[in-house]
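Visitor: pasting the sequence and the predicted coordinates here, then a few questions.
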Amino acid sequence: MDFFEIVKQRYSHKEKFLADFVPLEDLEKIAEVGLLAPNGVNRQLIHLIILPNRDVLDLLCKVSPTSGLETAPAAIAILTDTTITPTDRVNFEKEDYSAALGNMSLAAVALGYVSVWLDSPYFDPQKEQQAKEVLQVPEKYKLWAVMPIGKPDGEGSRREKLPFSQRVSYNVFSMERPE
């Protein structure tokens, strides 16, 4: 599939997944492109946990039941090592995890899967801590998101994007295209 077609096909799948097994090889490919994403000052503070079956996912659902996670056959959790960023420097953790998840969501589409970023459950420090306990994550790591991956169970709903012409300017901010 052409790269631009992959980008157009990507959407946040918030509905049910089929129970179809996702091969570990595919999950590793998705994880690898996440680790290849740009990252601030090349600190490489991203750590991923591949969740290849429902065993741990069922435990995570008890912490924070989310429709995107309850039926997914697999997922990848994304963490950052908080000790790598010095406190006197700019912190790129949010940008780094976002870039990694962006790459991973496109890789999932390229391999015939759908996914969604589930980060809002972990904005709650208590839920983040509970999920870290399930995943046996050391204290120095921050859990940012869990990305369910699988085949969709039916057509996923897609939100309409505003037209290109309403979101792009040339040279200076303007709502009109130059001639």
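Guide: It's in. Since the model is a prediction, treat every value here as computed from it, not as a measurement.
Visitor: from the contact counts, what lies against the lengthiest strand in the chain?
Guide: Counting residues, the longest strand in the chain under DSSP state E turns out to be strand 141-150. Judged by 3 or more C-beta pairs under 8 Å, 6 or more residues apart in numbering; DSSP states H and E, strand 141-150 is in contact with helix 67-70, strand 74-81, helix 93-110, strand 114-115, helix 125-135. Placement of C-beta: from N, CA and C, glycine included.
Visitor: mind listing what's buried in the helix-or-strand element of the chain with minimal mean pLDDT?
Guide: Among the helices and strands of the chain, helix 67-70 carries the lowest confidence by mean pLDDT, DSSP states H and E, at a mean of 86. Using 16 or more other C-beta atoms under 10 Å as the test for burial, helix 67-70 gives 68-69.
Visitor: related to what we said a few turns ago, any idea of the angle the longest strand of the chain forms with helix 93-110?
Guide: 20 degrees (axes from the mean of the first three to the mean of the last three C-alpha atoms, to 10 degrees).
Visitor: sorry, back to before: figure out which of the helices and strands packed on strand 141-150 is closest to Trp144.
Guide: Smallest distance to Trp144 across the helices and strands packed on strand 141-150 (C-beta to C-beta): 4.3 Å, for helix 93-110.
Visitor: now do the closest one: distance to the chain's middle.
Guide: 5 Å (C-alpha atoms, centre = their mean, to the nearest Å).
Visitor: quick one: low-confidence parts of this protein?
Guide: 86-88, 175-179 (pLDDT under 70).
Visitor: number of nearby residues for Val33?
Guide: Counted with other C-beta atoms under 10 Å, residues neighbouring Val33 total 17.
Visitor: kindly report the same for Ile78.
Guide: By other C-beta under 10 Å, 25 other residues sit near Ile78.
Visitor: beta partners for it?
Guide: Per DSSP bridges, the residues bridged to Ile78 are Leu48, Ala145.
Visitor: just checking, Glu160 is part of a strand?
Guide: No. Using DSSP: H, G, I helix; E, B strand; the rest coil, the assignment for Glu160 is coil, not a strand.
Visitor: for Gln166, see how far away it is.
Guide: 12 Å (C-beta to C-beta, to the nearest Å).
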